[in-house]
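Enquirer: next comes the sequence, and after it the predicted model I'd like to discuss.
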Amino acid sequence: MASTYEKIATTTLSSAAASYTFSSIAGTYTDLVIIASCTSANDGAALQFRFNSDSGSNYSNTLLEGSGSSASSVRQSDQIDIQISFNVGNNSTNPSTSIISINNYSNSTTYKTLLARWNSATGGTYPGTSATVGLWRNVAAITSITIFMGSGNINAGSTFTLYGIKAA
Amino acid sequence: MANTYTLISSATVNSSSVANIDFTSIPQTYTDLLLKMSLRIPTGTNVGLRIGMRFNGASTDANFSTILAYADGSITGSFTSSTGFTGWMPDAGTTSNVFSNVDVYIPNYTNSSNKSFTTDAVMENNATASYMGYFAGLWSNTAAISSIRIFDSGTSANFAINSTAYLYGISNA
């Protein structure tokens, strides 16, 4: 049977970094999935995404979060990146986990959206769980994805894996 | 290119006396695990029953904690649980033939850190009460996960026939 779920690239940061970029993403898949397990040097910073190095105000997102005591929602328009998560802690024993799905990423006719799930379990500094829908108002095929924190570095030991899913 | 998303094992309930769904001897050769479940309990009138999950033959919920955001059709909320609570499943008090839809993602299940898991769970019901939830789970244990048990943590009832669970291994190698 043909493989339909393939690893494109993976990294474990050997030292703290301001960002990590999956580059030269081939347009040969149908959808993309990113699995991120990371901690933040700046305790409580949020995980952010940009596509194709676009730092213009072309992004928006809506988040639903549960803190363990209440649920809340955040809405942001005309942003310079997509907020994937709420607060990422710096506790290396309990890194936060994010699963990001980017469907139909390589077409050149529609704006690109993503669905993200983020978790920081109760042992972490900032326990919580969230779901995010993000939009990039650009019809270009996604060829690179830059991952960074809202402030400060991504800690060493953080891992990022990019998978491609093929419908055919 | 190598296949990175592989079925490890599956379970389909085909009798009325199955109280646990067990995946044992899980290979330690993948990076992450993904458990996809469709579950129902054929008895009771509680509407939504909690799905329990335990690892490595544990007989209690010790060292488990979950935090979730949920909606039930009228309210949204969030709470924590000191169990392996990982979603809901309908019982006989709900619309017939409806099964829950639950995905559990367990990253880095073989490493020596505490184990987290991410659950997306929905339990639809053609009536007032239904549930959807996003879960962040933690098993504060550094052992590699070699077995998983799924059960009804609410009433310890048997699963309905045709309940299913599929365990996949995902590799980044």
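Expert: Done, it's in. Numbers count the residues shown, from 1 in each chain, chains lettered A, B, ... in the order given.
Enquirer: nearest to chain B within chain A, name that residue for me.
Expert: In chain A, the residue that lies nearest chain B is A:G66 (2.6 Å; CB to the nearest CB). Every residue, glycine included, has its C-beta placed from N, CA and C.
Enquirer: how about the nearest residue to that residue, chain neighbours excluded?
Expert: The shortest distance from A:G66 to any non-neighbouring residue, by CB to CB, 6 or more residues apart in numbering or on different chains, is to B:A69 (2.6 Å).
Enquirer: gap between the one you found and A:G157?
Expert: Distance of B:A69 to A:G157, given as CB to CB, to the nearest Å: 27 Å.
Enquirer: closest point of chain B to chain A, which residue?
Expert: Closest point on chain B to chain A, by CB to the nearest CB, is B:A69, at 2.6 Å.
Enquirer: check the offset of stretch B:67-84 from the chain's centre.
Expert: Stretch B:67-84 sits 15 Å away from the centroid of its parent chain (CA atoms, centre = their mean, to the nearest Å).
Enquirer: could you do stretch B:107-115 as well?
Expert: 18 Å.
Enquirer: next: stretch A:104-120.
Expert: The answer for stretch A:104-120 is 10 Å, by CA atoms, centre = their mean.
Enquirer: end to end on that stretch, go ahead and measure it.
Expert: Stretch A:104-120 has an end-to-end distance of 28 Å (CA to CA, to the nearest Å).
Enquirer: about what we covered before: neighbour-wise, which of B:A69 and A:G157 wins?
Expert: Ranked by neighbour count (other CB atoms under 10 Å in any protein chain shown), B:A69 and A:G157 place B:A69 first, with 26 against 16.
Enquirer: direction included, what does the host helix or strand of that one pair against?
Expert: If you go by DSSP states H and E, B:A69 is part of strand B:64-71. Paired strands of strand B:64-71, with direction, are strand B:76-81 (antiparallel), strand B:131-139 (antiparallel) (DSSP bridges).
Enquirer: burial check on A:N91, number of neighbours?
Expert: 18.
Enquirer: now do the phi/psi pair for it.
Expert: phi -90, psi 110 (degrees, to the nearest 10).
Enquirer: let me know whether it touches A:T39 as I believe.
Expert: Yes: between A:N91 and A:T39 a contact is recorded at 6.6 Å, counting by CB atoms under 8 Å.
Enquirer: B:Q28: neighbouring residues, count only.
Expert: 11.
Enquirer: who touches it in this structure?
Expert: Going by CB atoms under 8 Å, 6 or more residues apart in numbering or on different chains, B:Q28 touches B:110, B:144, B:146.
Enquirer: please convert the buried members of the residues you listed into ChimeraX selection syntax.
Expert: Buried members of the contacts of B:Q28 can be picked out in ChimeraX with the line below, counting by 16 or more other CB atoms under 10 Å in any protein chain shown:
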select /B:110,146
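Enquirer: buried residues in whichever helix or strand B:A11 is part of?
Expert: Using DSSP H and E, B:A11 maps to strand B:5-12. Under the neighbour-count criterion of 16+ other CB under 10 Å, strand B:5-12 has B:5-6, B:8-9, B:11 buried.
Enquirer: chain B contacts on chain A?
Expert: Proximity of chain A to chain B is confined to A:1, A:3-7, A:10, A:35, A:37, A:64-71, A:93-95, A:97, A:99, A:117, A:119-123, A:127-131, A:159, A:161, A:163 under the rule CB under 8 Å from any CB of the partner chain.
Enquirer: I appreciate the help and will end here.
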